[in-house]
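>>> Below is the sequence, then the predicted model.
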Amino acid sequence: MSGVRVLVGTRKGAFVLTADGQRDRWDVSGPFFAGWELYHLKGSPVDPNRLYAAQHTGWHGQVIQRSDDGGKTWEAVGNKFVYEGEPGTHLWYDGTPRPFEFVRVWHLEPSLDDPDTVYAGIQDAALYRSSDGGQSWQELPGLRTHKSAPLWQPGAGGMCLHTILLDPSHAGRIFIAISAAGVFRSDDAGKTWRPINRGLKSEGIPDPNAEVGHCVHRIAMHRSRPGVLFMQKHWDIMRSDDAGESWREVSGNLPTDFGFPIDVHAHEPDTIYVVPIKSDSEHYVPEGKLRVYRSRTGGNEWEALTRGLPQQHCYVNVLRDAMAVDSLDPCGVYFGTTGGQVYVSADAGDRWAPIVRDLPSVVSVEVQTLP
Amino acid sequence: MIRVVLPAHLRTLARVDGEVKLDVDGQVTQRSVLDALETCYPMLRGTIRDQVTQQRRAFVRFFACAEALSHEPPDAPLPDAVAMGAEPLLVVGAMAGG
């Protein structure tokens, strides 16, 4: 019988949650790497036993862990992230130039066809690739040396490259997103890049046609339709139907369009999920109610999903990498909160239940659908 | 034989219990001890000092024989008691955070 494995990164370690295809009885293992921040864990789509994890503390810096047995055991691999050539500068919060400096890995994206190849998005924003299972890392410097990079400025969480989407239909096409620079696309496997932010409107940017400077929180695609992208921006839900060449707002009837995660149903490319929070100054769900919003129309028309979720006295947030979908039928949807809960819906969002309630603050959630 | 005490997180990462014992060739300094430590335990590279600049990480401190050694030059000799193996070099994570 098929099953699922949910990889949860928290502020104080990683947890692995497993269930069969019913997704109603769960085994919880962990904490792995106890006491460390786990910004992201993700499995290879071609070898589900191959997992990568980004482990960090302010005391001891970055460690990358790899598992070859589905998370039962782990091995520390390479953690040397060196900018190629001159690091160059970006803008600091006060508008002065500041050298790029490695801080941490935010996101790991395994290759679609090779378990030994994995991409890493880091702070300060740059993209790296390993082709030896994480033992060594090489920067793809065309992004950080883009002519706009000296104008990039960090968001409140740091200048992080947090999203990496590998296009399954166009060899060599990669989308990445940086807070607060925006979205960039490469069509040559990461050698050259260009910003694709036309149509984004951001408060505080005087030029409405600014090429960079947008605080993109997350982008998502459906693998059957990679030319359609969905975005949760600082404010605004956005959609592109031309692989990022242009964007239009699809926030529609949402109670607030501020938030962090966005994801797409595994079998319905126009069904998308967000978790709105109150505002940029109050990072928790509005009215004390934890509500996932689902659009079955690719945006604009949204419905609140509340069954099984707390509808009073709830003041959690859901971070950008903390939502995922499985590929079972019906599609399972998962998210983790800053309050330490991980919720599952085994029916595409209609009903929810907590898998665990009291983990450390959740930073990331990924799910693997197992044969 | 040089003795090194690691903080808890690094003992877990290196999969060691208690003190680490190292053979160090030549003069016993912070640099030579850390070189030997990272050779034996490569997973510790970058966790005590930066891999490129070799500078001590900001929240890591070194002590031995009741002395604070964090700001000593990396090539300065460590106390004789450390070089003789009578006392350990303590690698300590600064008290900070939550």
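That came in fine, so what should we check first? Numbering: from 1, shown residues only, chains lettered A, B, ... in the order given.
>>> For the rest of this, base every contact and every neighbour count on C-alpha atoms.
Noted.
>>> The closest residue to chain A within chain B: how many residues sit nearby?
Residue of chain B nearest chain A, by C-alpha to the nearest C-alpha: B:T47 (4.2 Å). Around B:T47 there are 24 other residues, counting by other C-alpha atoms under 10 Å in any protein chain shown.
>>> so it makes contact with A:I64?
No - the criterion here is C-alpha atoms under 8 Å, and B:T47 misses it with A:I64 at 11.6 Å.
>>> The nearest residue to the residue of chain B closest to chain A once chain neighbours are set aside: how many residues sit nearby?
Using C-alpha to C-alpha, 6 or more residues apart in numbering or on different chains and skipping residues adjacent in sequence, the residue nearest B:T47 is A:H60, 4.2 Å away. If you count neighbours by other C-alpha under 10 Å, A:H60 ends up with 23.
>>> Do me a favour and get the backbone dihedrals for A:S179.
For A:S179, the backbone dihedrals are phi -100, psi 120 (criterion: degrees, to the nearest 10).
>>> show me the contacts for the closest residue to it other than its chain neighbours.
Excluding the flanking residues, the one nearest A:S179 by C-alpha to C-alpha, 6+ apart is A:C215, at 4.8 Å. When contacts are counted by C-alpha atoms under 8 Å, 6 or more residues apart in numbering or on different chains, A:C215 is found next to A:155, A:178-182, A:202, A:233-234.
>>> so what pLDDT did A:C215 get?
pLDDT recorded at A:C215 is 93.
>>> next one: B:A94
pLDDT recorded at B:A94 is 85.
>>> just A:G13 next, same as before
Looking at A:G13, its pLDDT stands at 98.
>>> ok, now A:R296?
What the model reports for A:R296 is a pLDDT of 98.
>>> Report the contact partners of the spatially closest residue to it that is not a sequence neighbour.
Spatially, and ignoring its direct neighbours in sequence, A:R296 is nearest to A:T271 (4.1 Å; C-alpha to C-alpha, 6+ apart). Going by C-alpha under 8 Å, 6+ apart, A:T271 touches A:264-265, A:294-298.
>>> Please convert those to CSV, extending it with secondary structure and neighbour count.
Formatted as CSV, those follow (DSSP: H, G, I helix; E, B strand; the rest coil; neighbours: other C-alpha atoms under 10 Å in any protein chain shown):
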residue, secondary structure, neighbour count
A:V264, strand, 27
A:H265, coil, 24
A:R294, strand, 26
A:S295, strand, 21
A:R296, coil, 17
A:T297, coil, 14
A:G298, coil, 21
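>>> Closest one to B:L34 out of those residues, please.
Using C-alpha to C-alpha, A:V264 is the member of those that sits closest to B:L34, with 47.8 Å.
>>> How about the contacts made by the closest one?
Counted by C-alpha under 8 Å, 6+ apart, A:V264 has contacts A:220-222, A:270-273, A:325.
>>> residues from chain A in reach of chain B?
Counting by C-alpha under 8 Å from any C-alpha of the partner chain, the residues of chain A lying close to chain B are A:35, A:58-62, A:76-80, A:82.
>>> List buried residues within the residues you listed.
Neighbour-count burial (16 or more other C-alpha atoms under 10 Å in any protein chain shown) applied to these gives A:35, A:58-62, A:76-80.
>>> Show me which residues of chain B sit near chain A.
Neighbours of chain A within chain B, by C-alpha under 8 Å from any C-alpha: B:9, B:13, B:43, B:45-48, B:51-52, B:57-60, B:93-94.
>>> neighbour-wise, which of these leads?
For the residues of chain B next to chain A, neighbours were counted using other C-alpha under 10 Å, and B:I48 has the most, 26 neighbours in all.
>>> So which residue is smack in the middle of chain A?
For chain A, A:D321 is the residue whose C-alpha lies nearest the centre (C-alpha atoms, centre = their mean; 3.4 Å).
>>> does that one have beta-bridge partners, and which?
A:S364 (DSSP bridges).
>>> Can you give me the distance of it to A:F260?
Remark: distance between A:D321 and A:F260 (C-alpha to C-alpha, to the nearest Å) = 8 Å.
>>> List the contacts of the closest residue to chain B within chain A.
Proximity of chain A to chain B (C-alpha to the nearest C-alpha) peaks at A:H60, 4.2 Å away. Listed by C-alpha under 8 Å, 6+ apart, the contact set of A:H60 reads B:46-48, B:57, B:59-60.
>>> ditto for A:E139
Going by C-alpha under 8 Å, 6+ apart, A:E139 touches A:81-84, A:126-129.
>>> Where does pLDDT dip in chain B?
Applying pLDDT under 70 to chain B flags residues B:96-98.
>>> so where do the strands sit in it?
B:2-5, B:20-22, B:60-64, B:67-68, B:89-93 (DSSP state E).
>>> With distance to B:R31 as extra columns, can I get these in a markdown table?
Listed next are these as a markdown table, based on distance: least, C-alpha to C-alpha, whole Å:
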| stretch | distance to B:R31 |
| --- | --- |
| strand B:2-5 | 13 |
| strand B:20-22 | 13 |
| strand B:60-64 | 12 |
| strand B:67-68 | 16 |
| strand B:89-93 | 12 |
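>>> between those, which gets nearest to A:P97?
Taking C-alpha to C-alpha, strand B:60-64 is the member of the strands of chain B nearest to A:P97, at 28.1 Å.
>>> one step back: so of the contacts of A:H60, which ones are in helices?
Applying DSSP state H to the contacts of A:H60, no entry is found in helices.
>>> Spatially, which two of the residues you listed are the most separated?
Maximum pairwise distance among the contacts of A:H60 (C-alpha to C-alpha): 12.7 Å, between B:G46 and B:F59.
>>> which residue packs closest to residue 70, ignoring adjacent ones?
As the question left the chain open, I've gone with chain A. Nearest non-adjacent residue to A:G70, counting by C-alpha to C-alpha, 6+ apart: A:N49, 3.9 Å away.
>>> Please refer instead to chain B.
Nearest residue to B:S70, sequence neighbours excluded (C-alpha to C-alpha, 6+ apart): B:F62, at 4.8 Å.
>>> got a list of what that neighbour touches?
B:F62 is in contact with B:68-70, B:89-92, counting by C-alpha under 8 Å, 6+ apart.
>>> what about burial for those residues, which qualify?
B:69-70, B:89-92.
>>> for A:E287, helix, strand, or coil?
Look at A:E287: counting by DSSP: H, G, I helix; E, B strand; the rest coil, its state is helix.
>>> Tell me who's in contact with it.
A:E287 touches A:Q312, counting by C-alpha under 8 Å, 6+ apart.
>>> Over to B:G18?
Shown in contact with B:G18 (C-alpha under 8 Å, 6+ apart): B:5, B:11.
>>> go again using 6 Å as the cut-off
Going by C-alpha atoms under 6 Å, 6 or more residues apart in numbering or on different chains, B:G18 touches no other residue.
>>> if I look at B:T47 and A:I64, which residues touch both of them?
By C-alpha under 6 Å, 6+ apart, no residue touches both B:T47 and A:I64.
>>> List the contacts of A:A353.
Taking C-alpha under 6 Å, 6+ apart, we find A:A353 in contact with A:308, A:343-344.
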